[in-house]
Structures are given as structure tokens and as C-alpha cells.
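Novice: need a structure here:
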Amino acid sequence: PFQLYAQPSVTPTLLGYFHNWNFAPAPYLPLNQVPSDYNLIAVAFALPTGGTDYRISFIPEVVSPSQFRQQMQSVQSQGRKIILSVGGATAPIVLNNTLERDSFVASLNRILIEYPFDGIDLNLEGASLQVSQSSSIQNPTDTPILMMTGAVRQLMSDFRTRNNRRMLLTMAPETAYVQGGQSAFSGVWGAYLPLIHALRDSIHLLSVQLYNSGSMYGIDGGIYQQGTADFIVAMVEAVIRGFPTSGGYFSGLRPDQVTIGLPACPLAAGGGYMDSLLVRAAGKYLRGTGPQAGSYILAQSGGYPTLGGMMTWSINWDAASSCASSWEYVRNYRSVFGGMGTGIRSIADARVRAYPNPMQSVLSIDLPEFDAGAISGDDRVRIQLFDSFGRNLRDEWVLPGNIRWDVSQLAHGVYYLCAANQIMCLVK
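Specialist: This is a model prediction of the structure:
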């Protein structure tokens, strides 16, 4: 059958963390003002409370609970998802026994009932997870890992019972907890791997933080430094292909479960920020849509077209004009994934027009602005013209507006114009 594009099997995700507080350099942004490119929003953070490291609490800090729920429902009505990020850099969560596990589950269930979150993000840092010498990836013996695994399974079961749908589960570990397992399987090194392995069938996205990191081994035996295209490519491929550790072999995840996790701008992290050219080069090489981005060579020729998407800390830093340029990370995502997410404006709200049809000597193409007032920068749209045999006759990236093409030399026949994920049949 005639096919213009090879369609991906999954819709890519732009996952952004949302600050539940106001901070002058990266100001608070109402949830319903987050650009719709962010089709998965992780609200940071639900934290331990009451002098414990296991009883979880969440309260909106800037708006009232009722206002926050209304904003959540407004975003979700657009088909986007909102999850609650649990933990964070300053709040280790350690479940030492079944009583603490059950308290963790009960406190999170109360939050998930009070607010219509679509799931949770596990952002376990510090001493939250550690592995001992007797532990392994397939058969962990460390109580906090076993308790957390059981807690997540119970939360997922309870969520399905209440909502009759699956709870989204994402994870955002630091590199030491994942790829660091190649160097050692002890303490925090590789400590997330047993949890990832046990919950692999439940994980929606794994977004390893490719920042604030020391050097890490790639699966090719090379050592790579943060802030380089090679680091992105090597670390992402490692969790897809898998790798050996002294605690057993870690079998990789599906590509659609893995994202590229980076800071939105230089001030968002202590290290690991990369300029747009490097981010886009690495992302396109990983997806098989661009050339080799550095010295690292992918083990899988052609890359991973179904890569899950991109993650950033954070939406608020991405919005800040004082740190890089506003919405730089959104534009990076668009460049790497070609606007295959929800987009800034739905096609139903912004139709592409091509006229006259039948074509004469000049074809006019009206490309609408896709929320240019909210998102600045390179918002180019790809437009292509195919003949009835599927041959690509013209292929351009253009800015929104009125485009005029000379089609006087085209033979009489049927043609297909593709623009902004729309396909129009034209005749001459």
C-alpha cells in the first residue's frame, strides 16, 4: 500500500519536572500554562513527613488544593498526563520493614485519591537504595529494595482497583545507581538495577539523570564524560542493550521505555548541561535519523527509532529567560522527535491549507503559527510533496506563514502534500 511516512510504534514523550514552589531564578509557573509539548508532567515533590523517611505528604505550595486540582484537570483534558514525583535529592526514602512499607503505601494512596495524578515517579536518591555483597539484580536481599518493590506493586494494584486503568510508573535515578553498576555493584553503585529489573514490565519510562555525574563506562568499555554527545549516546544505549555487573547481568529495557534525561539550562544542574547542537546530534544519532555524533559507535546499526522521548529538570528552568533561552529544551525535543508528540497546538485547531486544488502554476500553502506567542525560536515545519508512486519531489523545512511553490513543471496527475502531520491529496 502507498505509505508516505514510516510510522513509529509509540508516541514519544517530553517529560518535564514541575516545581511545586516559587524560586526567583526559575519562577513558579501555573500548571495549566505549561506548553503542551510537555505531554507528561512530573510534579516535584512528594516528601517524607512527620520525622520519618517513609510517610509521604504532598501539599500545593503556591495555589490552593482546589485550584491545583482544577489546573490538573484542565491539563489532563488535553490528553496529557500528570504524575507525582516522590523523593528528590534532599529527601531519601528508606523502607526498613513491612510497617514502613505499608505506611508508605497508605500515605501515597491518600494523595492519589485526593489529587487526580495519573501515576508516580520514583526519584530515590541519597541512601534510599543500596545493595550489599549478598545481593544480586535477579535476587536482591536488601530489605529496602524488597520493600520498595512490594510497595510499588501494591500501589499499582490499588490504583487499578480505584480507576480501572494502569498507573503510570517512571523512574529518574542518577547514573551511579544504574550504569555505575558496570564499575561496581555495591552501596549505591547499581542499586536501582534490582528495582528496575523487578518492575520492568510496569515501567512506563526510565529517565536516568545524565547530569551531576562522574565519568561512566559504556558497554563498549570506553569511559565517557558528562556534557558530551558520547555520554548521552553511550548511557542511553547501555540501559537498552543491558550490561554485566558483579551482581549479575542487567537485561536492558525496550527502547520506548527509555528517555534522554538532561538539565534544561546551565543553572538547572551542577554539571551535564549541553548546548542544543550536541543534544540534537546525540538524539538524532540514537534514533537513527542523524549521523554519528561523536566517537561512540552504536552497537545497533540504525539506532532506536522508537526511543521513548526526552526528560528534563525542569519545566521551570526551561521557561526561565535568564538561563539559556526560554523553551530551549522544548525546541531540542521538537528537533530530535520531529514534532511527533502532542505539539503546541492540535491539528484540529490549526489546519494547514493548500490551494488552488486543482493546482495551476503556483501552489499556496498556509502554515499556521503553532502557539508562537508561548514558544519562541526555531518553529520550522517540514513540508513534502510526493507523487502517486510515493517519490519525494520536494522536501523543505520552513517557518509558519504563506509558502508559494512553483508547480508549473509538474505533469498532470495526483500528488500528496505532507505538512505538520497532515496529508492532503492534490491534483493537477
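
Novice: quick one: the helices in the protein?
Specialist: 65-76, 98-114, 143-163, 193-198, 229-241, 276-287, 315-319, 328-337 (DSSP state H).

Novice: Identify whichever of those lies nearest to residue 258.
Specialist: helix 229-241 (5.6 Å; Cβ to Cβ). C-beta: built from backbone N, CA, C; applies to glycine.

Novice: which secondary structure elements does that closest one contact?
Specialist: Applying 3 or more Cβ pairs under 8 Å, 6 or more residues apart in numbering; DSSP states H and E, we find helix 229-241 packed against strand 216-217, strand 223-224, strand 259-263, helix 276-287.

Novice: model confidence over it, on average?
Specialist: If you average the pLDDT over helix 229-241, you get 98.

Novice: Distance from that helix to the middle of the chain?
Specialist: 15 Å (Cα atoms, centre = their mean, to the nearest Å).

Novice: Outside of it itself, list whatever touches it.
Specialist: By Cβ atoms under 8 Å, 6 or more residues apart in numbering, the residues outside helix 229-241 that reach it are 175, 178-179, 182, 206, 208, 210, 213, 216, 218-220, 222, 224-225, 252-255, 258, 260, 262, 272, 274, 278-279, 281-283, 285-286, 293-296, 298-300, 304, 307.

Novice: Need the buried ones from these selected in ChimeraX.
Specialist: Only the buried entries of the contacts of helix 229-241 go into this ChimeraX selection, using 16 or more other Cβ atoms under 10 Å:
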select :175,178,179,182,206,208,210,213,216,218,219,224,252,253,254,255,258,260,262,272,274,278,279,281,282,283,285,286,293,294,296,298,304,307
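
Novice: shaky segments in the stretch 251-400 of the chain?
Specialist: Low-confidence regions of the stretch 251-400 of the chain, defined here as pLDDT under 70, cover residues 339-351, 369-380.

Novice: again, 80 this time
Specialist: 338-351, 367-382, 388-390, 397-400 (pLDDT under 80).

Novice: Surely residue 284 touches residue 334?
Specialist: No - using Cβ atoms under 8 Å, residue 284 is not in contact with residue 334; the gap is 12.0 Å.

Novice: Specify which residue of those two has the higher count of neighbours.
Specialist: For residue 284 versus residue 334, neighbours defined as other Cβ atoms under 10 Å are more numerous around residue 334 (24 against 18).

Novice: what's the closest non-adjacent residue to that one?
Specialist: With Cβ to Cβ, 6 or more residues apart in numbering as the criterion, residue 334 has its nearest non-adjacent residue at 6.9 Å, and that residue is residue 37.

Novice: Hmm, that neighbour is touching residue 333, no?
Specialist: Yes - using Cβ under 8 Å, residue 37 is in contact with residue 333, at 6.3 Å.

Novice: Looking at the two now, which is surrounded by more residues?
Specialist: Ranked by neighbour count (other Cβ under 10 Å), residue 37 and residue 333 place residue 333 first, with 30 against 25.

Novice: Relative to residue 309, how far out is that one?
Specialist: 7 Å (Cβ to Cβ, to the nearest Å).

Novice: Let me know the pLDDT of the closest residue to residue 86 other than its chain neighbours.
Specialist: For residue 86, ignoring the flanking residues on the chain, the nearest one in space by Cβ to Cβ, 6+ apart is residue 46 at 4.7 Å. Note for residue 46: predicted pLDDT of 97.

Novice: May I ask you to confirm that residue 46 is in contact with residue 110?
Specialist: No - the criterion here is Cβ under 8 Å, and residue 46 misses it with residue 110 at 10.8 Å.
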